[in-house]
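S.K.: coords below, sequence missing:
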């Protein structure tokens, strides 16, 4: 590229922009993981998606959507209550591109049934790629996709909404959902006094003929410009799940009054809100008193997406760091040829390769769970464990990626500062670290035999790898302890590392051996690059990370 020239100096030794590339084909670990889990048939489709999302135009849309944050418009010019959110056009363009590719609905049939095949794996690859460009808009995308699982508990509502959810159109107009070309759905679970403890919710639902009127509040409700929400409220028989549209059946604006938008560390392109309901119209989903059981079907899928997005953020951090290091010269050598930088980048590449292998293996379990009890057990036990490990590892990883670029990584003109601010959200939303560990313990308590079978399968898949047998024994022993909650974080992390080793062993056995040696046979040091990998292993990892 042409370098700028100023009166005092020329701009030299800077890396070119990492754009106008195919984010699928330059990512050999992703392509291999997709193929290993049944998605090879979609290679051409994913390459087209990767080229589009790897373009300079999409990168610019991501920048604009984050620099021009949403604005809450409570009233119109005549004083009428509107409760709308205004977005920059770039945000709507991102939403439209994701919807056009089916990222919000491609895992479902037109009737709202699981699509089967490798639908979860292929859709996850798209989600992983899109998250490398702009993650905030994926919040309503993931909630829309996940809501179908909860709506299935009320077939007549699913039958009404699925024809609109199931389109590949994005319609940002503020209008009743049944009049639109496409719709999005959000979620309102937590309240000020309870947070994760949703059983402490005080929002109440009272019958109004065949529907309900809901009065109360939500401390976090995302995303406020969705066309409808799944909301938890206390009904006569206990905490229940409700479908709450922005417009009542008569076409009037539903009494959903937003108080303010959250001023968040990251995730800035996406609006999150505080809200009050003043007798808002809603319809029951599932049975009264079974709200958690109903909405957990949605939460399971949003947790899956949290892990995919965090893996995508780390992949982007690695790619930008490696791209920069290959163009930047220091002490008469490219940065990527310096031994210390090679050690850092290859160790980071190993982490990302294992992470993408693991999330795609999890998505295969989601694909196969309806007809395979073993895959269903894997999905239930490992979804919280995988979310725990991958999401919590992302912030430190992205800091390391920023450091590879030095000051260029820290400034807002580049994408890594945004990625770094974005990284913590996936570990916090949809259940923080301790909640994930407790969910693993609950899965063990409810399905001890099935969980034991999953652990045995992981032992078989990692047999002979360094530290694997010892890790299996440690996990099994820890979960059997009477005080297992006290040490749950250790066991859950080890379980996730074991599952990552097993997933990687199905794709790249040599790299699985390296991962096991550095993560299972001993505790991985606190800093990337503090491991001893051979020159040959380093070269192989970096070549797969970015040709």
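M.R.: Received, thanks. Because the structure is predicted, anything quoted here is derived from the model rather than measured. Residues are numbered from 1 along each chain as shown.
S.K.: Show me what the helix or strand encompassing residue 458 is in contact with.
M.R.: Assignment of secondary structure by DSSP states H and E places residue 458 within helix 448-461. Contacts to helix 448-461, defined as C-beta atoms under 8 Å, 6 or more residues apart in numbering, come from residues 373-374, 377-378, 380-382, 443-444, 468-469, 472, 475-476, 495, 498-499, 502, 505-506. Heads up, the C-betas are built off the backbone N, CA and C, glycines and all.
S.K.: Tell me which of those fall in helices.
M.R.: 373-374, 377-378, 380-382, 443-444, 468-469, 472, 475-476, 495, 498-499, 502, 505 (DSSP state H).
S.K.: In the helix holding residue 458, which residues are buried?
M.R.: Using 16 or more other C-beta atoms under 10 Å as the test for burial, helix 448-461 gives 450-451, 453-455, 458-459, 461.
S.K.: Same question for stretch 198-205.
M.R.: So for stretch 198-205, counting by 16+ other C-beta under 10 Å, buried means 198, 201, 203, 205.
S.K.: Check stretch 500-513 too.
M.R.: Residues 500-508, 511-513 are the ones in stretch 500-513 that count as buried (16+ other C-beta under 10 Å).
S.K.: Just the closest of those residues to residue 158, please.
M.R.: residue 503 (32.6 Å; C-beta to C-beta).
S.K.: what sits against the closest one?
M.R.: Contacts here follow C-beta under 8 Å, 6+ apart; on that basis residue 503 touches 33, 354, 357-358, 360-361.
S.K.: Of those, which is the nearest to residue 145?
M.R.: Of all the contacts of residue 503, residue 145 sits closest to residue 360, with 17.0 Å by C-beta to C-beta.
S.K.: wait, doesn't that closest one sit right on residue 122?
M.R.: No: contact between residue 360 and residue 122 fails when scored by C-beta atoms under 8 Å: they sit 10.0 Å apart.
S.K.: quick one, which of the two is more surrounded?
M.R.: Neighbour totals were compared for residue 360 and residue 122, and residue 360 leads with 30 against 27 (other C-beta atoms under 10 Å).
S.K.: Okay, and the more buried one sits in which element?
M.R.: Using DSSP H and E, residue 360 maps to helix 339-368.
S.K.: what's the answer for residue 72, then?
M.R.: strand 71-75.
S.K.: how about the strands in this structure?
M.R.: 71-75, 81-86, 185-188, 204-208, 211-222, 228-235, 238-245, 256-261, 272-285, 329-330, 333-334 (DSSP state E).
S.K.: List the strands paired with the first one, with their directions.
M.R.: By that I understand strand 71-75. strand 81-86 (antiparallel) (DSSP bridges).
S.K.: go on, the longest one?
M.R.: Its sheet considered, strand 272-285 pairs with strand 211-222 (antiparallel), strand 238-245 (antiparallel), strand 256-261 (antiparallel) by DSSP bridges.
S.K.: so where's this protein uncertain?
M.R.: For the chain, the stretches with pLDDT under 70 are 1-2.
S.K.: Centroid-nearest residue for it?
M.R.: residue 306 (2.4 Å; C-alpha atoms, centre = their mean).
S.K.: Hmm, residue 391 and that one touching each other?
M.R.: Yes: using C-beta under 8 Å, residue 306 is in contact with residue 391, at 5.5 Å.
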